[in-house]
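Student: Have a look at this fold, sequence not included:
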């Protein structure tokens, strides 16, 4: 039997992750996040534009920075979507021989600032075994641009001193999956 998938913010993800993203987006766009789930949310482009003002950052060689796409780090694939200064992601464990997301499923919403940082809140939806989760909290990444042989690569570097301290368990570095060399 095939896997149920949905298109979320331009990426195809498992249907369960699509439901999580829809719930989170509804809460993120609400002017009052403490409102009940039955409250109406304005999903219009103007509401998103107000919540996510335009921000155009460029690399040293002049390319526009857009974090949308698939990122990897710490055996987790992160499907990211950037709109203005807002970034959302769904993170799913990616272990060989295991179904995608079978160990961990998490979500994130944050904002990019002009000093090349991405700061936001994450929530772990699922952690198999429940030994350490579910967790939630804040995380900050530095948007770092490296250049090798004239090719720029954007790397997200976790700014926690100890990535396992408190609720911050994200990989030290996230790299765009397209930039990871095939074995």
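Tutor: Happy to help now that I have it. Quantities reported herein were computed from a predicted structural model and do not represent experimental measurements.

Student: Ramachandran angles for residue 177?
Tutor: With angles defined as degrees, to the nearest 10, residue 177 sits at phi -60, psi -30.

Student: And the pLDDT for the residue nearest to it when sequence neighbours are not counted?
Tutor: Spatial nearest neighbour of residue 177, chain neighbours left out: residue 70 (4.0 Å); criterion: Cβ to Cβ, 6 or more residues apart in numbering. (C-beta placed from N, C-alpha, C; glycine too.) With respect to pLDDT, residue 70 scores 95.

Student: partners of residue 70 in the sheet?
Tutor: residue 79 (DSSP bridges).

Student: ok, now residue 83?
Tutor: Beta-bridge partners, per DSSP bridges, of residue 83: residue 86.

Student: I figured it was touching residue 52, is that so?
Tutor: Yes: counting by Cβ atoms under 8 Å, residue 52 is a contact partner of residue 83 at 4.8 Å.

Student: Could you find the closest non-adjacent residue to residue 154?
Tutor: That would be residue 145: by Cβ to Cβ, 6+ apart, it lies 5.7 Å from residue 154.

Student: so what's that neighbour up against?
Tutor: 59, 60, 65, 152, 153, 154, 155 (Cβ atoms under 8 Å, 6 or more residues apart in numbering).

Student: How about the contacts made by the fifth one?
Tutor: Contact analysis of residue 153 by Cβ under 8 Å, 6+ apart lists 145, 146, 147, 175, 176, 179.

Student: and what of the first one?
Tutor: If you count contacts by Cβ under 8 Å, 6+ apart, residue 59 has them with 65, 145, 152, 154.

Student: Please identify the nearest residue in space to the third one, excluding sequence neighbours.
Tutor: For residue 152, ignoring the flanking residues on the chain, the nearest one in space by Cβ to Cβ, 6+ apart is residue 59 at 4.9 Å.

Student: pLDDT wise, what is the one you found at?
Tutor: pLDDT, read off for residue 59, is 90.

Student: Note down every partner strand of the longest strand along the chain and its orientation.
Tutor: Across the chain, the strand with the greatest residue count (assigned by DSSP state E) is strand 136-148. In the sheet, strand 136-148 lines up against strand 117-127 (antiparallel), strand 151-158 (antiparallel) (DSSP bridges).

Student: Any stretches of this protein with poor pLDDT?
Tutor: Applying pLDDT under 70 to the chain picks out residues 1-43, 45, 48-49, 127, 129-134, 161-170, 179-183.

Student: all helices of it, in order?
Tutor: Counting by DSSP state H, one finds helices in the chain at the ranges 15-28, 45-51.
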